[in-house]
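**Q** A structural model of the following input is requested.
(one chain, ligands or ions: 1)
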Amino acid sequence: MSVDALKFNDQGLVAVIAQDAESGAVRMMAYANEAAIRRTLETGAAHFYSRSRKQLWKKGETSGHTLAVRDVWVDCDGDTLIYMVDPEGPSCHTGAETCFFRRLERDGRLVDAQGEVAEPTLLRLERTLQTRKASDASKSYTKTLLDAGPAKVDAKIREEAAELGRALIDESDARVASEAGDLTYHMLVGLVLRDVSLRKLLTELSKRFGRSGHEEKSSRQ
Ligand SMILES: [Zn+2]
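**A** Presented below is the predicted three-dimensional model:
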């Protein structure tokens, strides 16, 4: 099995989805021919094939908004790829982070999602907390916590951690999930308070793959 064993369509192309390797957010979709895939594998930078300009292109060639490719995944049919990427800057030519910022409503209307984008739950939660931070919504619990400062968030994290610990010992799975949710929420409030991105946390975790927990702990001492 090699690159030329992929199922290219009659124009010699396969579909490529670019997905953030840390957050899981889908950034864009484009096409690649065999040369674009080979160039991607050789350079570690995402390359595609433009059907309108009929040429190979490197993502970010002019904008600087490149996609560093960690892995290339191939679907069961061999006609669609995922580039798992570390994005540099926004990925859409409109300046949006991802190309997927419009949504089809149930009634079929196409709407601009007003700052929301297609993204997994934790990123969506982070975005909501950042919005609260920037607002002056006095009724928001998040805003109250953020305004109270790190000592208050510290107290809440300890309280929620203790509740999760107790749930782990002798409460139901539903209670464990619920308490873990409370702890995660308060941890994210702490990150937003300090302007440390969720992506930074995820990058920290992914660095640890392949290292044992014991090794990781002792390297910090
Ligand atoms: Zn776009």
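**Q** can you give me the helices for this structure?
**A** With DSSP state H, the ranges of helices along the chain come out as 34-43, 121-134, 141-148, 150-170, 173-193, 198-207, 213-219.
**Q** adding mean neighbour count, write those helices out as CSV.
**A** Where C-beta positions appear, they are placed from N, C-alpha and C, glycine not excepted. CSV is the format used below for those (neighbours: other CB atoms under 10 Å):
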stretch, mean neighbour count
helix 34-43, 16
helix 121-134, 16
helix 141-148, 16
helix 150-170, 14
helix 173-193, 17
helix 198-207, 14
helix 213-219, 9
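**Q** out of those, which gets the lowest mean score?
**A** Among the helices of the chain, helix 213-219 carries the lowest mean pLDDT, a mean of 74.
**Q** quick one: contacts of it?
**A** By CB atoms under 8 Å, 6 or more residues apart in numbering, the residues outside helix 213-219 that reach it are R208, R211.
**Q** and the pLDDT at the closest residue to V85 other than its chain neighbours?
**A** Computed as CB to CB, 6 or more residues apart in numbering, the closest residue to V85 that is not its neighbour in sequence is L67, at 4.1 Å. Note on L67: pLDDT of 98.
**Q** quick one, what contacts L67?
**A** A18, R27, A45, A46, K59, G60, Y83, V85, D86, P87, E88, S91.
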